[in-house]
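# I'd like to go over a predicted model; first the sequence, then the structure.
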Amino acid sequence: MAFLSPSLLAADFYNLERQIKVLEENNVKYLHLDVMDGNFVPNISYGAGIIKSLRENTNLVFDVHLMIEKPENYIDDFAKAGADIITIHQEATKHPLRVLQQIKEHGIKAGISLNPGTSLSVLDYLWDELDLILIMTVNPGFGGQSFIPSSIDKIKETRKLINQNKDDILLEIDGGVKTTNLESLLDLGVDIFVSGSDIFNKDLNLMKEKIEYYLERI
Ligand SMILES: O=C(CO)[C@@H](O)[C@H](O)COP(=O)(O)O
């Protein structure tokens, strides 16, 4: 069984409460929270303050994806804000192993994310500290981009490595996942599908239909 983790980046922030209710009422368990610093990626999103106020109002699993340089400086803030999982980018720190340990000291799950151009070999000495691997299937920074086709082979290879090294690690994919390509992603061993622009919609009935489509298949 896999999970859907809707990416809040695509939400209508004026109607956040109503949109989060739609997720909760339709059996979504995760919420993907993209934190961008305008430095590691060319876009700026939101920070720990927003996550904290969301935490006070929902029990969804907070799947926090830090697209920020030197994440080590902010782990404590995001853990205290209520993250259940914190995923850092391997490319964003000189000390990925140490930052994974720092996350786990808070008693929450630690994930590593890899950009599309990053080799899986960087995982080699991180296995012991990993709870989750997030394979970026677009270049990070923006919602609404197209899925990069070569990601399929990378996802298959990651699944193989997880099975060989530590089979309870969650495999998550992020970027360009839509109802139109979901079928082609179903047999790759993915545990968590992130989807943003395809799920969030001002039309709440349409949101509900999209969620049902995903949950019936994954
Ligand atoms: O991290 C990112 C983008 O950097 C993603 O989480 C996107 O927000 C996914 O959006 P869609 O591609 O599903 O619109």
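On my side now, so go ahead.
# Let's verify Glu91: helix, strand, or coil?
Secondary structure, DSSP: H, G, I helix; E, B strand; the rest coil: Glu91 is helix.
# and the protein, which of its residues are near the ligand?
Taking Cβ under 6 Å from any ligand atom as the contact definition, the chain meets the ligand at 7, 9-10, 32, 34, 65, 138, 140-145, 174-177, 194-198. Bear in mind the C-beta positions are built from the backbone N, C-alpha and C, glycine included.
# residues near Tyr214, how many?
Number of residues near Tyr214 (other Cβ atoms under 10 Å) recorded here: 22.
# Which strand or helix spans it?
According to DSSP states H and E, Tyr214 maps onto helix 204-217.
# what does that helix rub up against?
4, 6, 18-19, 22-23, 26-28, 179, 182-183, 186, 193, 195, 198-201 (Cβ atoms under 8 Å, 6 or more residues apart in numbering).
# just stretch 187-197 next, same as before
2-10, 30, 32, 34, 63, 65, 132, 134, 143-144, 152, 155-156, 159, 162-163, 170-175, 177-178, 182, 185, 214, 218.
# What segments of the chain are helices?
Using DSSP state H, the helices found in the chain span residues 16-25, 48-55, 75-81, 96-104, 151-165, 204-217.
# could you dump the ones you listed to a markdown table with mean pLDDT?
Below are the helices of the chain laid out as a markdown table (pLDDT from 0 to 100):
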| stretch | mean pLDDT |
| --- | --- |
| helix 16-25 | 98 |
| helix 48-55 | 98 |
| helix 75-81 | 98 |
| helix 96-104 | 98 |
| helix 151-165 | 98 |
| helix 204-217 | 98 |
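# Just put those in TSV and tack on distance to Val41.
Putting the helices of the chain into TSV (distance: least, Cβ to Cβ, whole Å) gives the following:
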stretch	distance to Val41
helix 16-25	22
helix 48-55	17
helix 75-81	16
helix 96-104	17
helix 151-165	18
helix 204-217	25
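# Any regions of the protein where pLDDT drops low?
By pLDDT under 70, the chain has no low-scoring segment.
# Which among the helices of the chain is found nearest to Gly117?
Checking these against Gly117 by Cβ to Cβ gives helix 151-165 as the closest, at 10.4 Å.
# Please tell me how far Leu204 sits from the ligand.
As judged by Cβ to the nearest ligand atom, to the nearest Å, Leu204 and the ligand stand 18 Å apart.
# Just list the residues touching Ile218, thanks.
1-4, 182, 186, 190, 193.
# Now a PyMOL select for only the buried ones of those.
Typed into PyMOL, the line below selects the buried ones among the contacts of Ile218, using 16 or more other Cβ atoms under 10 Å:
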select buried, resi 2+3+4+182+190+193
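# Is it possible to get TSV of the contacts of Ile218 that adds distance to Arg55?
Formatted as TSV, these follow (distance: Cβ to Cβ, whole Å):
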residue	distance to Arg55
Met1	25
Ala2	24
Phe3	19
Leu4	20
Leu182	29
Leu186	31
Val190	26
Phe193	23
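# Which of the contacts of helix 204-217 fall in strands?
4, 6, 193, 195 (DSSP state E).
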